[in-house]
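A.B. asks: Generate coordinates for the sequence data below:
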Amino acid sequence: MSQQQPPQRPHQQHPNYAMYPPQGQPQPGPAGPPPKAKKPIHKRVWFWLLLVLVGIVLISQAGGGGSESADGEGQPAGQPTRAGKTTPPPAGLNTPVKDEDLEFTVTGFKCGVSVEDPLTKIQPQGQFCKMDLSVKNLGSKQETLLDNNVKVLDDKGAEYASGSETFIVKDVIVLKQINPGNTLTGSIYYDVPADVTPTRAKVQGSMFSRGGTIALA
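C.D. replies: Sure, this is the predicted structure:
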């Protein structure tokens, strides 16, 4: 009598754990869209803006290089200023001219004068010119007036300073202090060539000020 085989159990299929990610691990999301390609440089807005700005700068430089200012500056030498831009004449004798806190008034000017100190007559190299003037302090503090801040010029622009040998002459201005509101009067002598007659004076409230001009004739 043959032996009976034990009945076989049906084959059990094990779940495929490889199809699922381990528990607790984040699942990958869906793939994003592909990156956009960059626009060529000639299509970018900033590129065109830059070109426009460069063009404006080049045009402005080319158009303004030879322009003249409104006040006539930059014109070639010898060219008259534009119409309506005339230089006012300088002040004359007995007309106050202000520079910084000092007000200058030339009351007289004469060349060919003789100068004497208490002991002897002073001989010039050329001739002496005498300036009589008054200087008022318009400021709020004491000011110092130097004779070297009052010069005379001839019609060719040559400049003459005061004669140092005349510093002991009566009423001569060399170095004077002027208090606020006070007026100093005195004289300054200039040793100029015998054939020269100064035509204007340059007065300065200080050594580095712009100064003013006074006609002497």
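
A.B. asks: Please name the residues that touch the nearest residue to V196 once chain neighbours are set aside.
C.D. replies: Distance criterion C-beta to C-beta, 6 or more residues apart in numbering; nearest residue to V196, sequence neighbours excluded, is D154 at 5.2 Å. Where C-beta positions appear, they are placed from N, C-alpha and C, glycine not excepted. By C-beta atoms under 8 Å, 6 or more residues apart in numbering, the residues touching D154 are Y160, V192, V196, T197, P198, T199.

A.B. asks: Now with 7 Å, please.
C.D. replies: D154 makes contact with V196, T197, P198, T199, according to C-beta atoms under 7 Å, 6 or more residues apart in numbering.

A.B. asks: same deal with L138?
C.D. replies: K98, D101, E103.

A.B. asks: coming back round to it: which one of the contacts of D154 is nearest G181?
C.D. replies: Nearest to G181 among the contacts of D154: P198, at 30.8 Å, using C-beta to C-beta.

A.B. asks: Excluding chain neighbours, what is closest to the closest one?
C.D. replies: V152 is the one closest to P198 (C-beta to C-beta, 6+ apart), at 3.7 Å.

A.B. asks: could you say what helices and strands whichever strand or helix holds that neighbour packs with?
C.D. replies: Here V152 sits within strand 150-153, counting by DSSP states H and E. Where contact means 3 or more C-beta pairs under 7 Å, 6 or more residues apart in numbering; DSSP states H and E, strand 150-153 is packed against strand 159-160, strand 200-203.

A.B. asks: Determine the set of other helices and strands touching the shortest one.
C.D. replies: Contacting strand 159-160 under the criterion 3+ C-beta pairs under 7 Å, 6+ apart are the following elements: strand 150-153.

A.B. asks: Name the strands paired with the strand it packs on and say parallel or antiparallel.
C.D. replies: strand 159-160 (antiparallel), strand 200-203 (antiparallel) (DSSP bridges).

A.B. asks: circling back: the residue nearest to V196 and T185, how far apart?
C.D. replies: Distance of D154 to T185, computed by C-beta to C-beta, to the nearest Å: 26 Å.

A.B. asks: Also L102?
C.D. replies: 13 Å.

A.B. asks: The two: which is more packed in?
C.D. replies: Counted by other C-beta atoms under 10 Å, L102 and T185 do not tie: L102 has more neighbours, with 24 against 13.
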